[in-house]
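Engineer: generate coordinates for the sequence data below:
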Amino acid sequence: MIDFRYHLVSIVAIFLALSLGLLLGSTELKPYVQKGLQGLSKTEQRQIDTLLGEKSQLKSQISSENQFAEANAPAMLQNVLAGQRCVLVLAPGAAGSVTSGIAQALETAGATVTGPIQMPPAF
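Structural biologist: I've put the predicted structure just below:
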C-alpha cells in the first residue's frame with residue numbers, strides 16, 4: 001500500500017520541478033527567446049512595409065486607369081449600344097454613384113435604361 005509520505009513527496013517534487021522550470025524559462029532562456037522574437041518581428045515588419053508599398057503602387061495604377069477610362073469613355077462608347085434597351089440589376093448595398101455612372105455610360109453608348117431592379121439582401 002502507498003504511504004501518505006509518498007504522495008506528499010511526489011507533490012512537492014512536481015511543484016519544485018514546475019517552479020524550477022518557470023525560473024529557468026524566465027531568466028536563462030529569456031535572451032534567446034527575445035532575440036528570436038525580435039528577428040521574427042523585423043522580418044514581419046519588412047514584409048508589411050513591402051506589402052504597403054505594393055498597395056500604394058496598385059492604388060496609383062488604378063487611379064491612372066480610371067482617369068484614362070473617364071477621359072476616353074465618350075469616344076469609345078459612342079453608339080455602341082444604339083437602340084438597345086437595358087435594365088440595371090442592383091446588388092444590395094450598391095453605391096448610388098456607381099449605379100448612376102453605369103447608367104450614364106449606357107446612355108452614352110446609345111442604350112435606353114428602362115429601369116433598375118433591386119436584388120433582395122437574402123439573394
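
Engineer: and Gly21, which of the three is it?
Structural biologist: Secondary structure of Gly21, reduced to three states by DSSP: H, G, I helix; E, B strand; the rest coil: helix.

Engineer: the closest residue to Val87 other than its chain neighbours in helix, strand or coil?
Structural biologist: Nearest non-adjacent residue to Val87, counting by CB to CB, 6 or more residues apart in numbering: Thr114, 5.5 Å away. C-beta coordinates here come from the backbone N, C-alpha and C atoms, glycine included. What three-state DSSP gives for Thr114 is strand.

Engineer: Thr114 is in contact with Val89, isn't it?
Structural biologist: No - the pair Thr114 / Val89 is not scored as a contact, 11.8 Å apart, by CB atoms under 8 Å.

Engineer: check contacts around the residue nearest to Val87.
Structural biologist: By CB atoms under 8 Å, 6 or more residues apart in numbering, Thr114 lies in contact with 85-87.

Engineer: weed out the non-buried ones from those residues.
Structural biologist: Cys86 (16 or more other CB atoms under 10 Å).
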